[in-house]
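Trainee: below is the structure, and that's it, no one-letter string:
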């Protein structure tokens, strides 16, 4: 295990000159194969080992022709193969039995169509069918589960019985291949940087030694997606292992050309904008160690820049949120100063917070906001100021998490910034959540937790001063104050709001763009559920980083290929 040094010039640089057969262990949707295809390499998807049903379907759609295969007993076949619905545990016989015949046939067809061996635990070295090594270059990749290594996981490590400990199944397969004289010429590992930390250094050194005994010379480096034209702060550890005495150098950085807003969609479905339920995290009124963690919204008043604070619980009805004007009544409503009518605020929670932030003047394009940050993270035993909701202001985007829909990005026109709304305070470690003008996305995880903040010019109804709530008595003043009520109770004059701030999630397509996948490829899987798409993206590897890694093994202008691939995305 080493970085490139002067001594490596003693060895010949490894260059691939034969057709490639790629074997992907823990393959996901096949980002490694996709990277080689984007490079224009002469490559064949030879074998796959992937047990999660959604990933198997995505892999087949991306890379293979879907074919039908007969099977007398689909339930038993799928059970024996060891498929998983969640990527954590295999499905039981009873779970598979409850599925429809159509579902079982589709899963089986996807497995057979993609040359998938499914379960790493039952895969044998001979099953990989590595033959004619004089004619083919075999690349075997193993992006084994990171849950027991990552900061977001439980830190169980690389021991036997952990998900990350599946690495040792790779060793078993390699040992079997050695006995058959069928070791692949090149290995590629990808995982989280924690694998190189002091906590796991002994285990990783053990792995490096095992590869060395098999005849591999290994090179290791952390690479970040921002260095390869993708504006996502996704730092990962890569290990290239080459059979024999060869040198290897990791790809150099590319000059930055794009920022986050270049990867955003122009038209986004309303369903991706945060709901009241999501925004209710601001109003958690549970007492913790003698203080309330909930964020308190302060609606506008007639004569002040900031309204009085109103607190609410997560899950309360919209009508329980009221506009606050100078005097409160016993009914719990605010009374309009001149007209003496009850004014209800019909804005949802996200609109209230975003209106406050934009009207305060503290936001700028690219800021990322955090709408679920609590007092304990920043100001224990005190209320948060509007500034406390700002995540970053340096044009970068936090790591996209497994739910890609929690940060809000501040944009003018169509883009404002990114917003982190779902991570826990412990995970955030005191960082702000709202990033204005943020140019870099966070690492995409399987459950994305970032959102985009956009501004719109619109006319907005903020309340109603009639018990019947009919349209004729709508309140459309930007401050939510009812104009003087006329005798005929006619329609009030609408006030134009030049900029209205909203917060939305990253869409699945945007997450895949930030993983380097072209839209024309994404469209092949776009009809899968959003939850599946977010997870698939978060579990994968940025294509352009892989293009750089593989490009160093190929006699091609891979930097040009990377640039061309990103141009097809933006």
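Mentor: Great, that's in hand. Predicted model, so just to flag it, every value in this text is computed and none were measured. Numbers count the residues shown, from 1 in each chain.
Trainee: the helix or strand hosting residue 189 packs against which elements?
Mentor: Using DSSP states H and E, residue 189 falls within strand 186-191. Here strand 186-191 touches strand 137-142, strand 235-243, going by 3 or more Cβ pairs under 8 Å, 6 or more residues apart in numbering; DSSP states H and E. Glycine gets a C-beta too; all of them are placed from N, C-alpha and C.
Trainee: mind listing what's buried in it?
Mentor: 186-191 (16 or more other Cβ atoms under 10 Å).
Trainee: next: stretch 32-45.
Mentor: 32-39, 41, 43, 45.
Trainee: same check, this time on stretch 561-570
Mentor: Neighbour count says stretch 561-570 has 561-563, 565-566, 569 buried, by 16+ other Cβ under 10 Å.
Trainee: can you check stretch 195-215 too?
Mentor: Buried residues in stretch 195-215 (16+ other Cβ under 10 Å): 195-196, 200, 203-204, 207-208, 210-211, 214.
Trainee: and residue 559, what is it in contact with?
Mentor: 251, 254, 548, 551 (Cβ atoms under 8 Å, 6 or more residues apart in numbering).
Trainee: can you do 7 Å?
Mentor: residue 254 (Cβ atoms under 7 Å, 6 or more residues apart in numbering).
Trainee: which intervals of the stretch 251-400 of the chain have sub-threshold pLDDT?
Mentor: 274-355, 365-366, 370-384, 394-400 (pLDDT under 70).
Trainee: got the helices and strands packed on strand 186-191 as TSV, with distance to residue 530, mean neighbour count and mean pLDDT columns?
Mentor: Formatted as TSV, the helices and strands packed on strand 186-191 follow (distance: least, Cβ to Cβ, whole Å; neighbours: other Cβ atoms under 10 Å; pLDDT from 0 to 100):
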stretch	distance to residue 530	mean neighbour count	mean pLDDT
strand 137-142	27	24	97
strand 235-243	24	20	96
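Trainee: would you turn the ones you listed into TSV with distance to residue 122?
Mentor: Listed next are the helices and strands packed on strand 186-191 as TSV, based on distance: least, Cβ to Cβ, whole Å:
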stretch	distance to residue 122
strand 137-142	16
strand 235-243	24
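Trainee: now residue 112: which helix or strand?
Mentor: helix 101-113.
Trainee: name the residues that touch that helix?
Mentor: Here helix 101-113 has contacts from 53, 56-57, 60, 64-69, 71, 74-75, 77-78, 81, 83, 96, 118, using Cβ under 7 Å, 6+ apart.
Trainee: what about the closest residue to residue 54 other than its chain neighbours, distance to residue 267?
Mentor: Excluding the flanking residues, the one nearest residue 54 by Cβ to Cβ, 6 or more residues apart in numbering is residue 532, at 4.2 Å. To residue 267, residue 532 is 22 Å away according to Cβ to Cβ, to the nearest Å.
Trainee: more neighbours: those two, which one.
Mentor: Neighbours were counted for residue 532 and for residue 267 using other Cβ atoms under 10 Å; residue 532 has more, 18 against 5.
Trainee: tell me the pLDDT of that one.
Mentor: Per-residue pLDDT puts residue 532 at 92.
Trainee: same question for residue 415.
Mentor: The model's pLDDT for residue 415 equals 54.
Trainee: again, but for residue 427
Mentor: 62.
Trainee: buried ones in stretch 84-93?
Mentor: Result for stretch 84-93 [16+ other Cβ under 10 Å]: buried residues 84-85, 87, 90-91.
Trainee: now, which of the residues you listed lie within helices?
Mentor: Residues of the buried residues of stretch 84-93 located in helices (DSSP state H): none.
Trainee: looking at pLDDT only, which of those scores worst?
Mentor: residue 87 (91).
Trainee: and residue 131, how many neighbours?
Mentor: Quick note: residue 131 (other Cβ under 10 Å) scores 12 neighbours.
Trainee: so which strand or helix has it?
Mentor: Using DSSP H and E, no helix or strand contains residue 131.
Trainee: could you measure from the closest residue to it other than its chain neighbours over to residue 367?
Mentor: Closest residue to residue 131 in three dimensions, ignoring its sequence neighbours and counting by Cβ to Cβ, 6+ apart: residue 182, at 7.3 Å. From residue 182 over to residue 367 the distance is 54 Å, taken as Cβ to Cβ.
Trainee: more neighbours: which of those two?
Mentor: residue 367 (30 against 17).
Trainee: what about that one, distance to residue 393?
Mentor: 5 Å.
Trainee: do the same with residue 272
Mentor: 24 Å.
Trainee: cool, and residue 537?
Mentor: Residue 537 is 26 Å from residue 393, by Cβ to Cβ.
Trainee: so which of these two has more stuff around it?
Mentor: Neighbours were tallied for residue 537 and for residue 393 using other Cβ under 10 Å; the higher tally belongs to residue 537 (30 against 20).
Trainee: so for the helix or strand where that one lies, what gets flagged as buried?
Mentor: Using DSSP H and E, residue 537 falls within helix 530-538. Neighbour-count burial for helix 530-538 flags 530, 532-538 (criterion: 16+ other Cβ under 10 Å).
Trainee: ok, the residues you listed vs residue 131, which is closest?
Mentor: residue 536 (31.5 Å; Cβ to Cβ).
Trainee: got the contact list for that closest one?
Mentor: 28-29, 54-55, 58.
Trainee: highest neighbour count among these?
Mentor: Highest count within the contacts of residue 536 by other Cβ under 10 Å belongs to residue 29, 30 neighbours.
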